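> What shape does this take:
(chains A and B)
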Amino acid sequence: MKRNFPLLLVFVFGILGIIPFIVPHPAVQNTDEFLRNNLLKILAAFALILGLGSLLRVHFDKIRRKGQNWEYSWVLIVTFVVTSIIGLFGGVSGTGILPTRIGSFAFDIWTIYFNIEVPLGAAMFALLSFFMASAAYRAFRARSAEATLLLASAFIVMLGVLPLGNDISPHLPSFAQWIMDVPNVAGQRGILFGVALGMLATALKIILGIERSWLGGGGE
Amino acid sequence: MTGMLLAGIFALAPPTAVHAYDTPDDGGGAVTIEWQLSADDMHLQKYEVYRSENGVDFEKVGLIGRGRNQIEDETEDGKQYTYKVAAVADTATVFSEPSSVVISTAQWLNRKKINIIVAVVVLGGLIMFFIQHARRGRELFVRKIAGLHAIDDAVGRATEMGKPILYCPGIGYIEDIATIASLNILGEVAKKCGQYDTKLINPHFDPIVYTVAREIVKESYTNVGRPDAFDPDSVYYVTDSQFAYAAAVDGIMLRELPATNFLVGWFRAESLILAETGASTGAIQIAGTDQVSQLPFFVTACDYTLIGEELYAASAYISREPLLLGAIKGEDWGKVIIGAILIAGSIIGLLTVFPIMSLFD
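Next up is the predicted model:
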């Protein structure tokens, strides 16, 4: 029963997920909408409580064990508590019962989000350009025939999108575009065919209960 | 509304043959109106569509530019409607004859998707056939997938070095098939971690994926007879902010120095940030995703990459369960069919472009 009940649930909800794709009737579409927008949100709310509980437990445990860089766990816990209080009692844009402004200094949840979270995210994203440079250096070392081909095609594509490419030869930009449109797209489509079939097979295996790794293994 | 000609220097030809019908393959609430263009179409500004519920009083419900002869109108199911189309020029407006009565209803089958249903049934049938084939005990050959073959070595290396294994399922949600495939692989990796008594670190981006993953890892440890080795804090939720998650996982890589990093699931721009940081720590990296745009990053920065469908085949490959291997065989035959259709389509296309068929006239 412990195994069969989750399998039954997956089968029923898996079929309920497929039917709206082919049945446009509102009775079916509205049920699907309810499952996706209401039920899933309720589940997500409960899961979020469990998730935040696990996050705090891990960091309290780290502080207790005095693990490596345990001091930073206090930063997480304190900012978590402060932002939660501001978010819960200060309202989304400072309209709650908790004052979120001292003179011209605002610290409502939107201000915190736009002035701390967004710039920090942008800083992480900006690192990507440096990582790209180091990855490109590694990828373009011509150690094999395939890597040499990659280097040559990348060189042509990069030149093709620069004004310099057009100066070297007016055919270079169109050749670069051909590399992007034909061999590149052909390779991508090959992968996408495999992905589509893999998705279908995985969905079938899970709905029919053949794939049970998500239950911790294939045992009966 | 009833006049044929409101004003004008010359008489416009009205649109003709107005045909209103319930829009097919929809959930109701719509009627499609078609007409034959006015003979003076090139002199028109637009066409206006008028609707009546009693056949007498018409109200304007839409307009469309000249040269176009179809429009869809939002309706209430079960009500009777009649339509007229007016040809509108600078100086005159002329109405068509009314259409016949039409009632919109909701349909139970979208016939436009029958081709997809047929393809799914054929491919699903193939997969089921090979699963039955495997059930009868037939040996099935599956080619070696280097990335999956390396899992045993990667877990063994971590055990020997006394270092943990990091398993990052990406930033997908539970409804993403790549995330589900990643969770399937996580189950198998967790079993090996349980067998070898190797520490597993599994940080999460989505709280629902976290709760599912926690149960999977717990079950896996139980299945290999090591429920005591399961650390509930090894699987934990971090944040649902993309780059905060990347920063957290990067931090884990640099502090804990895992011997092996699994980056398997649904990734976006953070893929290279994670893979390059992992590469800088000297860890063996096994990556896998179905996101074509992220694959080059993983191929460049990781030791092994599961490309597209290999991600979905992984749990079958690792577990070696005949039924799951049968499904992979079914997928392969599906690709054979798609390949054959593509070749046949290309040949037919070429025959049309080059008039070879005319040689047989």
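
> Can you read off the pLDDT for residue 183?
No chain in the question, so chain A it is. Looking at A:Pro183, its pLDDT stands at 93.

> Chain B was what I was after
92.

> quick one, what contacts it?
By CB atoms under 8 Å, 6 or more residues apart in numbering or on different chains, the contact list for B:Leu183 reads A:213-214, B:169, B:209, B:212-213, B:216. Bear in mind the C-beta positions are built from the backbone N, C-alpha and C, glycine included.

> Report the secondary structure state of the residue nearest to A:Leu43 when sequence neighbours are not counted.
Using CB to CB, 6 or more residues apart in numbering or on different chains and skipping residues adjacent in sequence, the residue nearest A:Leu43 is B:Ile208, 6.2 Å away. Following DSSP: H, G, I helix; E, B strand; the rest coil, the label given to B:Ile208 is helix.

> what about stretch B:150-169 and chain A, any contact?
No. Stretch B:150-169 stays clear of chain A (CB under 8 Å from any CB of the partner chain), getting no nearer than 12.2 Å.

> which parts of that stretch are buried?
By neighbour count on 16 or more other CB atoms under 10 Å in any protein chain shown, the buried set for stretch B:150-169 is B:150-151, B:154-155, B:157-159, B:163-169.

> and if you look at stretch A:150-160?
The neighbour-count check on stretch A:150-160 (16+ other CB under 10 Å) flags A:150-151, A:156-157, A:159-160 as buried.

> isn't A:Gly14 right up against A:Ile206?
Yes. Counting by CB atoms under 8 Å, A:Gly14 does reach A:Ile206; the two are 6.8 Å apart.

> Tell me which residues touch A:Ile86, please.
By CB under 8 Å, 6+ apart, the contact list for A:Ile86 reads A:98, A:100, A:107-109, A:112.

> For those residues, point out the one with the lowest pLDDT.
For the contacts of A:Ile86, the least confident entry is A:Thr100, with 84.

> Can you name the helix or strand that residue 47 falls in?
Since you didn't name a chain, this refers to chain A. helix A:40-65 (DSSP states H and E).

> Chain B was what I was after
Going by DSSP H and E, B:Tyr47 is part of strand B:46-52.

> what comes up buried for that strand?
In strand B:46-52, counting by 16+ other CB under 10 Å, buried: B:47-52.

> what about the closest residue to B:Ala247 other than its chain neighbours, neighbour count?
Once flanking residues are discounted, B:Ala247 sits nearest to A:Met124: 5.5 Å by CB to CB, 6+ apart. Counted with other CB atoms under 10 Å in any protein chain shown, the neighbours of A:Met124 add up to 20.

> hang on, isn't A:Met124 packed against B:Val249?
No. Counting by CB under 8 Å, A:Met124 sits too far from B:Val249 to count as a contact (10.9 Å).

> and B:Asp57, how many residues sit next to it?
B:Asp57: 11 neighbours (other CB under 10 Å).

> for it, phi and psi?
phi -90, psi 120 (degrees, to the nearest 10).

> Kindly give the local confidence score, pLDDT, for it.
On pLDDT, B:Asp57 comes in at 93.

> With B:Pro207 instead?
93.

> what's the closest of the contacts of A:Ile86 to chain B?
A:Ile112 (12.7 Å; CB to the nearest CB).

> For the closest one, give its distance to A:Thr83.
The spacing between A:Ile112 and A:Thr83, counted by CB to CB, to the nearest Å, is 6 Å.

> before we move on, what about B:Gly28?
46 Å.

> what's the answer for A:Thr31, then?
Applying CB to CB to A:Thr31 and A:Thr83 gives a distance of 37 Å.

> In terms of neighbours, single out the busier of the two.
The neighbour comparison of A:Thr31 against A:Thr83 (other CB under 10 Å) goes to A:Thr83, with 17 against 14.

> Who are the contact partners of that one?
So A:Thr83 contacts A:109, A:112 (CB under 8 Å, 6+ apart).

> in chain A, which spans are helices?
A:4-22, A:26-33, A:40-65, A:71-89, A:109-112, A:118-139, A:145-160, A:163-168, A:172-181, A:183-207 (DSSP state H).

> I'd guessed A:Ile19 sits against A:Val28; true?
Yes. Using CB under 8 Å, A:Ile19 makes contact with A:Val28 at a distance of 5.8 Å.

> Could you chop the chain up by domain?
Going with chain A. In terms of domains, chain A is parsed into A:1-67, A:68-131 (source: automatic domain parsing).

> actually chain B
Split by automatic domain parsing, chain B gives B:16-103, B:110-138, B:142-323.
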